[in-house]
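Dropping the sequence and predicted coords here.
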Amino acid sequence: MKYLFNHWGHLKEDLRNSRIILFLDYDGTLTSIADTPDRAVLSKEARDILYELSKNRGCKLAVISGRSLKDIKSVVGLKNIIYSGNHGLEIEGPKLKFESVVPSGFKKIVRKIKLDLLRRLAHIKGVILEDKGCTLSVHYRLVNEDNIHLVKTAFHEAIIYYLVGNKIKINTGKMILEVRPPIEWDKGRSVMWLLARQVFVSGGDPVLPVYIGDDVTDEDAFSALRKKSLTIFVGMPKKSKAKYYLKSHKDVLKFLRMVNGLKKEQEHGRDTESKRIL
């Protein structure tokens, strides 16, 4: 991967001259990684930048998160943007509402797994069990390092019967284990679905997808968008399908400010041209 700011000179022309659809992860991308989900608070600076970008006609904004739809809408708190929760299982935006169909009985299985995990994990300090409706997450960032193997063992024992029977899928991320529906739907597929809609409404104008994320689940989107896109991993360089990297969420905010500046220039140019025609 290449450090994005070292290549800004040639990237900015594509960003300036195209309609952009910005796909942004939340935790670790728009905010720093926090010990618990409720501590990952969007700064005023970040919210102001997102608000400015959401108003520009040349930019469409989508927040793509593993959080529930209700949660991600609450923590971002902006209108006129697309929200994708549970890794794309729930999507909502202007004139847009989508919820993936999960197999019959899946939510009943999740309830059983949840009760089993509550029993198995009750003695381990620091574990957080998060029921997100369509998915169930076990956070172990606050667990003593010596006990992490106990969390993973308990999780494996609770889900193995359903996993072998293809009743569920599992995801892993940064200090998280997750139960998901057994369907072929992830951040990559949801992003491609949203991109197709944006290309359709663009009226033939070129659309440049930009995806920024920091976790394992974002790799599905990096892979799906490998052609004619700008994919950006957040964190120090490692093996990733993204083309570029930014070092931290502070780098992400810097990049978004620069994109906002370019799109304002583009918008000003359009307004000036319209006045000349009139």
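Done, it's in.

How is the nearest residue to residue 226 once chain neighbours are set aside assigned, secondary-structure-wise?
Nearest-residue entry for residue 226: residue 241, 6.6 Å, with adjacent residues in sequence omitted and distances by CB to CB, 6 or more residues apart in numbering. Every C-beta, even on glycine, is put in place using the N, C-alpha and C of the backbone. Reduced to three states with DSSP: H, G, I helix; E, B strand; the rest coil, the structure at residue 241 is coil.

Might you report the residue contacts of residue 241?
Contacts here follow CB atoms under 8 Å, 6 or more residues apart in numbering; on that basis residue 241 touches 219, 222, 223, 226, 231.

Could you count how many residues lie near residue 167?
Here the number of neighbours of residue 167 (other CB atoms under 10 Å) works out to 18.

Please name the residues that touch it.
With contact taken as CB under 8 Å, 6+ apart, residue 167 is in contact with 103, 105, 106, 109, 182.

Out of the contacts of residue 241, which end up buried?
With neighbours counted using 16 or more other CB atoms under 10 Å, the contacts of residue 241 contain these buried positions: 219, 222, 231.

and those, which of them are in strands?
residue 231 (DSSP state E).

Return the closest of the buried ones among the contacts of residue 241 with respect to residue 164.
Relative to residue 164, the closest of those is residue 219; by CB to CB it sits at 24.8 Å.

That closest one against residue 238, yeah?
No. Distance between residue 219 and residue 238: 11.0 Å, which falls outside the contact criterion (CB atoms under 8 Å).

Could you give the secondary structure assignment for residue 179?
Under three-state DSSP, residue 179 falls in the strand class.

now the strands: where do they sit in the chain?
According to DSSP E, the chain carries its strands in the segments 2-3, 19-24, 59-64, 82-85, 90-93, 96-99, 128-131, 136-139, 169-173, 176-180, 207-213, 230-234, 244-246.
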